[in-house]
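Peer 1: quick one, fold the following:
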Amino acid sequence: MTQATPANGTLDALYATILSRKGADPDSSWTAQLLAKGPEKCAEKFGEEAIEAIIEAVKDDKTALTSEAADVLYHLLVMLAARDVRLSDVMDELSRRQSQSGLAEKASR
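Peer 2: As a prediction, this is how the structure comes out:
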């Protein structure tokens, strides 16, 4: 199991909020609207936000990149929720990967 950190706690709280919106009235929140459109739309939005973050990174606009990175993380969590992938499973995978070098981990895939 992963150790909780302030950043991880924030992601956990956000993911819990997203999960609470699954099946909610789409008129009640943006998250509920997005989830109601299905996993494919959630993946599309994640991709759009990732591209926007890339653009800001290339432009070296740290403020805009920070904002876009927050959007990327949010939309990643929505996409995971849409496909019933638990955040804890992703965090466990990251922990597992930390136990070996990046080169060795990449070679094992």
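Peer 1: all helices of the protein, in order?
Peer 2: 6-21, 30-36, 39-59, 62-82, 87-98, 102-108 (DSSP state H).
Peer 1: would you list those helices in a markdown table and tack on mean pLDDT and mean neighbour count?
Peer 2: Glycine gets a C-beta too; all of them are placed from N, C-alpha and C. Conversion of those to a markdown table gives the following (pLDDT from 0 to 100; neighbours: other CB atoms under 10 Å):
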| stretch | mean pLDDT | mean neighbour count |
| --- | --- | --- |
| helix 6-21 | 90 | 15 |
| helix 30-36 | 97 | 18 |
| helix 39-59 | 98 | 15 |
| helix 62-82 | 98 | 18 |
| helix 87-98 | 92 | 13 |
| helix 102-108 | 70 | 10 |
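Peer 1: and the residue most central in space within the chain, what does it touch?
Peer 2: With distances taken as CA atoms, centre = their mean, L76 lies nearest the centre of the chain, 2.6 Å away. The contact partners of L76, by CB atoms under 8 Å, 6 or more residues apart in numbering, come to F46.
Peer 1: A24 reaches A32, doesn't it?
Peer 2: Yes: using CB atoms under 8 Å, A24 is in contact with A32, at 4.1 Å.
Peer 1: overlap in contacts, these two.
Peer 2: Contact criterion CB under 8 Å, 6+ apart; no residue bridges A24 and A32 by contacting each.
Peer 1: any idea how far T10 is from A16?
Peer 2: Remark: distance between A16 and T10 (CB to CB, to the nearest Å) = 11 Å.
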